[in-house]
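Undergrad: my questions are about this predicted structure, shown below with the sequence.
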Amino acid sequence: MTSQSFTLQELMLYNGDDHREKYIAFEGIVYDVTDCPKWRTEMHQNLHFPGQDLTNELADAPHLNEVFTRPCVQVVGKLRIENA
C-alpha cells in the first residue's frame with residue numbers, strides 16, 4: 001500500500017470527475033471508495049459527495065465505522081490539516 005498525504009483541497013479533487021477515483025476521509029484517514037456499490041453514483045445515499053472529510057457525518061449515519069473495513073474500501077493515505 002502506498003500511503004500518501006492529502007490536504008482538504010487535494011482530497012476534493014478525488015470526487016469521481018474526469019475518471020478520477022472517489023476518496024473520502026474519516027478521522028484523519030483517506031479511503032478510496034471508488035469500487036463501493038453505494039458510491040457508484042455522484043452521491044452516497046443522496047447525502048454525501050466524494051472528495052470530502054466525513055468525520056463529522058458518521059454520527060448521523062445508519063451504520064458505524066465498520067464500513068471502512070469492507071473489501072471495497074481501501075486506505076490510500078492520511079489527511080493533512082494545514083494551519084491557516
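TA: Received, thanks.
Undergrad: for residue 53, what are phi and psi?
TA: phi -90, psi 110 (degrees, to the nearest 10).
Undergrad: what's the answer for residue 9, then?
TA: Residue 9 adopts backbone torsions of phi -70, psi -40, taken as degrees, to the nearest 10.
Undergrad: burial measure for it, as a count.
TA: If you count neighbours by other Cβ atoms under 10 Å, residue 9 ends up with 9. Every C-beta, even on glycine, is put in place using the N, C-alpha and C of the backbone.
Undergrad: ok, the one 3 residues further on next?
TA: Under the neighbour criterion other Cβ under 10 Å, residue 12 is assigned a count of 15.
Undergrad: got a list of what residue 36 touches?
TA: 70, 72-73 (Cβ atoms under 8 Å, 6 or more residues apart in numbering).
Undergrad: between the residues you listed, which is nearest residue 8?
TA: residue 73 (19.7 Å; Cβ to Cβ).
Undergrad: find the nearest non-adjacent residue to the closest one, please.
TA: In space, and not counting its chain neighbours, residue 73 is closest to residue 31: 5.2 Å by Cβ to Cβ, 6 or more residues apart in numbering.
Undergrad: dig out what the residue nearest the centre of the chain forms beta bridges with.
TA: Taking Cα atoms, centre = their mean as the criterion, residue 24 is the residue nearest the geometric centre of the chain, at 1.0 Å. On the basis of DSSP bridges, residue 24 is bridged to residue 31.
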